[in-house]
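Novice: Fold the following and give me the result.
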Amino acid sequence: MFKTIQIGIVMLACAFVAAAQSSDYRKYEFYAGYSFGQVVNGIGDASLPDDPQDYSGLNTSITRNIARYAGLKFDFSVTEKIPYATRPSGLNVDSDFYNFSVGLQIKDNSSDKLVKPFLHALMGVAHIRNRISIGTDACIASRPCPTVFTERETGIASIVGGGIDIRAGDRIDVRVIQVDYIPTRLFDSSKRNVRVGIGLAFH
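Specialist: Numbers count the residues shown, from 1 in each chain. Reported below is the predicted structural model:
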């Protein structure tokens, strides 16, 4: 976590050193796209290993560019895991993962730039909600059997990553790739998550 903060400070310093005073750049950016990632949902008992699981959903962000090469970014994502069956038979888990973060984006926001690679470093919170359902054939040890229960947790999160945008028009870019590393602190332990996304950025 501290390494992530250090990276963000370095990025911020470099951005202000490199920032040009030109006014010919986009002041705002709105992004919306598809997000696929691997999330550690934190259940982690003997029957449900604490391994990364596949999640998919929506990632959006709003960036206020304060200079040609630097912007303040607000990022939100919500992803859902498709229910799956695990041992013992009849045990199913559905899970939602939310992330809201704020930080710095480094990108050439020139109006006529064609290919626009970017980096960002963000800090915020993550929230996970796990819904666990147990079939009667999975209840061996105790009766009555709790058929459904939910656990929730909110904790600190950070995002370090980047991607590439390609200009597709005067006010629209195609985000051909975005890759992020998302460490979180949930259920009293550190989790390492990743996500990959594609979408559209509007200016």
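Novice: Now do the same contact list for the residue nearest to residue 66 when sequence neighbours are not counted.
Specialist: Spatially, and ignoring its direct neighbours in sequence, residue 66 is nearest to residue 72 (6.2 Å; CB to CB, 6 or more residues apart in numbering). Every residue, glycine included, has its C-beta placed from N, CA and C. Taking CB atoms under 8 Å, 6 or more residues apart in numbering, we find residue 72 in contact with 63, 64, 66, 102, 103, 104, 105.
Novice: what are the phi and psi values for residue 72?
Specialist: The phi/psi pair for residue 72 (degrees, to the nearest 10) reads phi -90, psi 120.
Novice: how much space is there between it and residue 132?
Specialist: Per CB to CB, to the nearest Å, residue 72 is found 39 Å from residue 132.
Novice: One more: residue 108?
Specialist: Distance from residue 108 to residue 132, by CB to CB: 46 Å.
Novice: What of residue 188?
Specialist: 18 Å.
Novice: Name the strands paired with the helix or strand where residue 133 lies and say parallel or antiparallel.
Specialist: Using DSSP states H and E, residue 133 falls within strand 115-134. Partners of strand 115-134 in the sheet, by DSSP bridges, are strand 91-107 (antiparallel), strand 148-167 (antiparallel).
Novice: Give the buried residues for the shortest one.
Specialist: Across strand 91-107, burial judged by 16 or more other CB atoms under 10 Å covers 91, 93-99, 101, 103-107.
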